[in-house]
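Undergrad: the following comprises the amino acid sequence and a computationally predicted model.
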4 protein chains.
Amino acid sequence: MTGDTLPDWRDSLPWPAADTHKHARGRLGVVSGKATQTGAARLAARGGLRIGAGLVRILCPPDAAAVVAPTIEAIMLTPFGSDEALAEAAAEMDAVVIGPAAGVNEVTQANIRALAGTGAVLVVDADGLTAFEGWPADLFELLDRDDVLTPHEGEFKRLFPGLLDQGREAAAAEAARRADAVMVLKGPATVIAAPDGRLAINDNGTPWLATAGSGDVLAGMIGGLVAQRMDSFDAARAAVWMHAEAARGFGPGLIAEDLPERLPAVLAALFAQSSH
Amino acid sequence: MTGDTLPDWRDSLPWPAADTHKHARGRLGVVSGKATQTGAARLAARGGLRIGAGLVRILCPPDAAAVVAPTIEAIMLTPFGSDEALAEAAAEMDAVVIGPAAGVNEVTQANIRALAGTGAVLVVDADGLTAFEGWPADLFELLDRDDVLTPHEGEFKRLFPGLLDQGREAAAAEAARRADAVMVLKGPATVIAAPDGRLAINDNGTPWLATAGSGDVLAGMIGGLVAQRMDSFDAARAAVWMHAEAARGFGPGLIAEDLPERLPAVLAALFAQSSH
Amino acid sequence: MTGDTLPDWRDSLPWPAADTHKHARGRLGVVSGKATQTGAARLAARGGLRIGAGLVRILCPPDAAAVVAPTIEAIMLTPFGSDEALAEAAAEMDAVVIGPAAGVNEVTQANIRALAGTGAVLVVDADGLTAFEGWPADLFELLDRDDVLTPHEGEFKRLFPGLLDQGREAAAAEAARRADAVMVLKGPATVIAAPDGRLAINDNGTPWLATAGSGDVLAGMIGGLVAQRMDSFDAARAAVWMHAEAARGFGPGLIAEDLPERLPAVLAALFAQSSH
Amino acid sequence: MTGDTLPDWRDSLPWPAADTHKHARGRLGVVSGKATQTGAARLAARGGLRIGAGLVRILCPPDAAAVVAPTIEAIMLTPFGSDEALAEAAAEMDAVVIGPAAGVNEVTQANIRALAGTGAVLVVDADGLTAFEGWPADLFELLDRDDVLTPHEGEFKRLFPGLLDQGREAAAAEAARRADAVMVLKGPATVIAAPDGRLAINDNGTPWLATAGSGDVLAGMIGGLVAQRMDSFDAARAAVWMHAEAARGFGPGLIAEDLPERLPAVLAALFAQSSH
């Protein structure tokens, strides 16, 4: 553990009870990019599964199915051929991550629009954010207060031009208000802001996280916690902290694929200190 | 080890003798679902191989062969294009697992029917059970007394509507009698019941098992033990216990893929205490 | 280490010198079966690479290339469309393993015939032996004195009907004489016999080796040592011993895929005791 | 660490700062060979990612994409159908590795020519060198002073016939001058020479590196460091040293795939001693 005090989201972590069934433990969908770009979704899905979602399903374009299928065992797979088919698949999910390697285009916009019509909590990352550059209001009107956006500064500027001039904290708070969703403004000290005004600054960041795919794993981890019905603001804070803790435990040489595999050690330390 | 006393199935575990050949050690078949759904069979096969079956072969629809082939090394592969071809492949097996991601449809029914005509002990799980919802007697008439059914409560209710009102133990016992097969009613305290009246309640269950694919591994482990000619009731009890022991040894962050890889430690502890 | 004394092949082990180049360290080819049956060759190749062959190349039928290609990194791949093409590829090899999952048919016969015309030392295993059931002399006339055959008892009987009635040691010795090649008669106490009369009985066998693919790894290990120009009789003895030592170090739950990964520990112990 | 003193490139290692973004940390491209020969590029890419490049992208011929796609997660993939397309993809890279399993042909020549027109630092290895046998000046005129060539002695002789007669040190120095690029002449004591006259001899070489793919990993490691804007001469020295240190830490049984996975331990030891 970093610091002297335990994180105050600790008691909200969704440890399974003795009679928890895998469906009740939370169902997470992760939307994959095209056939050559499936790695990001696989990283996110692995992060979501390791953090405790009972079921994780990759939702992919038909041509990507042959790539994804041999790479997964516990993670499940559903190809979808249209935004309607995506929404249908997502109807059985508690949360869906979209954006990692999704493509900056109208298909991604349409997919997010379709997902917004389901009951699943959305975690929108990467291309899912950039696809609305120039039309941020089109994205915001689709969001519910428990949805989560996870921009790094470049992506943040595309949705909120000029807002960072107010400083990262004020910018994240205002952005959460405008989007009416939880904002995770990534960086050395990631800021997490809720539309109801709650705001937190993560204090265990580490430069080892500056590696490709790291953000995909984080999006999956947030998705995995909200799928377990953890409050979205708490889930974002917890995932950001655990993500960094996993990286700190690994140190130099870290690549994104290490992060999900370090989660059990991070979770075990938290569990040992919990009031379970 | 959990508790003060060793499990009484311990002395029935099929440790290989100095002159045991891989064929004599037991041959397990695992029926795979379609191309996008092969992970469940691969998890079951891995569980069966790790628990000691000498040969494990995935039997898959032709279109799934290209997915499964690059994922296996010691596990073998036979595509089958019809239920007759499946039965032919199964004729060289001591046990066959069917159900994980098999599909809830008539093909699965026909495949189980074909397998029942071979000498292989059947372990029927998941979709293999649900495929007979509404027609449970059609399944039961196919079963032999050493076959094993592994429903969770949802699947149990589909085959035995209302029976759970008697409580889990009585329900499992009655179900074993009706099906004339070993019943493994999964849950926090898994109940194992044999058609001859033997009944056991597993006492080392853990909530970490509430993760996708966990049941597939268990089905494979039971199959791996009965392929080694362990009594089906003892095999089910042993597999349920070892499955939970593997999960307890891993703790928070467990995913199904970890279970087969934890089996060597569980087996080593049992072997050290055995009268081999 | 098992026993009080070090194995007398120890000083023949081909440790690389400071200026050894990967080509000089030995080039091993492994012939793969068809697309659904490539696992055996991949296990053998991994065993050969881990035991020190500088270059290992899987030689596969064209339709198997798409299966093998994504599963290898350091191991290389050459598809071949005819026995002539196989011989051409093998001309750049110091040793070739053929037999694991090769198929019991005339193609395998033709492939062995083609390989015999190259300068590569042959290790013939599994289907490569059974393909000559009924015509053992056709196989023997292709062999050189440094080639190695690795039958288990079932395969041995197909090539030498009745010979096992003389006992395993006498049978292996006579078989080596008839085949004019090194014979590895596998079993609880594997017998290694050379055509010049040398004979050894392995003393560290373990029942954990009774698992699918175990023999494929052994064939690859023998191939990896002879590719490094170790004497074939010594190579067979060394590989059999190290193979068992790797299995003993793992214990219950062993599967064939574990064996190559345990070789570094076995090699390190031998290296520490060597006069390098 | 080997020896009493720390390597003097230590203080030039590009440790990420607290606010380093993955793009700023360095972007590495690795050019893959054809569909059956992608392993070399995957090894190089893994080495480059582990050593700290923030983004690593495999650039492959279109037919190789289906092979590479399922094998990567954090590493990204762009197929290219022409040398123009390759140059376009490389325009977003800080460094590009070309040569491992690239093929000794005019396509490789054209690809290197196209890459030379981008701003990316080039690391030219293996087939990328041999493709210019007979026309070394055609290669040299494409190179900048921060580009790196990584020949073993065989490849060196093809570009500089007779030059090794002067001894390895003088030959490497003269070769660096002629090519006007950093020369890494591999061998038991690898010589690193810069066109400005700097020269270093690596002192922690180990015979365990004589294994297929070892050189591919080294090329990727050099590429990963220069992508992070480390001076090319220092990067080459550092990578050669760390590559050997990783191998020494593993010992007997090493295969190339182990090298990237040992880098975190090597990096951690260096980081602990750095003035970060």
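TA: Nice, I can see it.
Undergrad: okay, now the residue nearest to residue A:62 when sequence neighbours are not counted: neighbour count?
TA: The shortest distance from residue A:62 to any non-neighbouring residue, by Cβ to Cβ, 6 or more residues apart in numbering or on different chains, is to residue A:79 (4.6 Å). Backbone N, C-alpha and C define where each C-beta goes, glycine included. The number of residues packed near residue A:79 is 20, by other Cβ atoms under 10 Å in any protein chain shown.
Undergrad: quick check: phi and psi on the closest residue to chain C within the stretch 51-200 of chain A?
TA: Nearest residue of the stretch 51-200 of chain A to chain C: residue A:70, at 7.8 Å (Cβ to the nearest Cβ). For residue A:70, the backbone dihedrals (degrees, to the nearest 10) come out as phi -70, psi -10.
Undergrad: residues in contact with it?
TA: B:38, B:67, B:68, B:70, B:71, C:70, D:70 (Cβ atoms under 8 Å, 6 or more residues apart in numbering or on different chains).
Undergrad: what's the answer for residue A:181, then?
TA: Residue A:181 touches A:140, A:143, A:144, A:145, A:146, A:147, A:148, A:149, A:195, counting by Cβ under 8 Å, 6+ apart.
Undergrad: hmm, 6 Å instead?
TA: Residues near residue A:181 by Cβ atoms under 6 Å, 6 or more residues apart in numbering or on different chains: A:143, A:147, A:149.
Undergrad: same deal with residue A:268?
TA: B:251, B:252.
Undergrad: what residues sit buried inside stretch A:194-208?
TA: By neighbour count on 16 or more other Cβ atoms under 10 Å in any protein chain shown, the buried set for stretch A:194-208 is A:194, A:195, A:200, A:201, A:202, A:204, A:205, A:206, A:207, A:208.
Undergrad: the fifth one against residue A:190, yeah?
TA: Translated: residue A:202. Yes: with contact defined as Cβ atoms under 6 Å, residue A:202 counts as touching residue A:190 (4.3 Å).
Undergrad: who touches both of those two?
TA: residue A:240.
Undergrad: residue A:92 - how many residues pack around it?
TA: For residue A:92, using other Cβ under 10 Å, the count is 15.
Undergrad: and the residue lying closest to residue A:265 once chain neighbours are set aside, what helix or strand is that in?
TA: Closest residue to residue A:265 apart from its sequence neighbours, by Cβ to Cβ, 6+ apart: residue A:249 at 6.2 Å. In this structure, residue A:249 sits in helix A:232-250 according to DSSP states H and E.
Undergrad: mind listing what's buried along the helix or strand just after that helix?
TA: Next in sequence after helix A:232-250, counting helices and strands by DSSP H and E, comes helix A:258-272. Within helix A:258-272, the residues scored as buried using 16+ other Cβ under 10 Å are A:258, A:259, A:260, A:262, A:263, A:264, A:265, A:266, A:267, A:270, A:271.
Undergrad: what about residue A:228, distance to residue A:41?
TA: 20 Å (Cβ to Cβ, to the nearest Å).
Undergrad: more neighbours, these two?
TA: Using other Cβ under 10 Å, the more surrounded residue of residue A:228 and residue A:41 is residue A:41, with 30 against 25.
Undergrad: show me what contacts that one?
TA: Contacts of residue A:41 by Cβ under 6 Å, 6+ apart are A:30, A:32, A:58, A:100.
Undergrad: 10 Å instead?
TA: Residues in contact with residue A:41 (Cβ atoms under 10 Å, 6 or more residues apart in numbering or on different chains) are A:29-33, A:58-60, A:64, A:68, A:75, A:97-102, A:216, A:219-220, D:73.
Undergrad: just the ones in strands from those, please.
TA: Among these, DSSP state E puts A:29, A:30, A:31, A:58, A:59, A:60, A:97, A:98 in strands.
Undergrad: let me know whether the third one touches residue A:96 as I believe.
TA: Going back to what we said before, that points to residue A:31. Yes: assessed by Cβ atoms under 10 Å, residue A:31 is found in contact with residue A:96 at 6.6 Å.
Undergrad: list residues touching both of the two?
TA: Residues touching both residue A:31 and residue A:96 (Cβ under 10 Å, 6+ apart) are A:59, A:86, A:89, A:90, A:111, A:112, A:115.
Undergrad: looks like residue A:243 contacts residue A:224 (just checking).
TA: No: with contact defined as Cβ under 10 Å, residue A:243 does not reach residue A:224; the gap is 11.3 Å.
Undergrad: a markdown table for the contacts of residue A:181, including distance to residue D:239, secondary structure and neighbour count?
TA: What follows is the contacts of residue A:181, written out as a markdown table (distance: Cβ to Cβ, whole Å; DSSP: H, G, I helix; E, B strand; the rest coil; neighbours: other Cβ atoms under 10 Å in any protein chain shown):
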| residue | distance to residue D:239 | secondary structure | neighbour count |
| --- | --- | --- | --- |
| A:143 | 46 | coil | 19 |
| A:147 | 44 | coil | 26 |
| A:149 | 39 | strand | 27 |
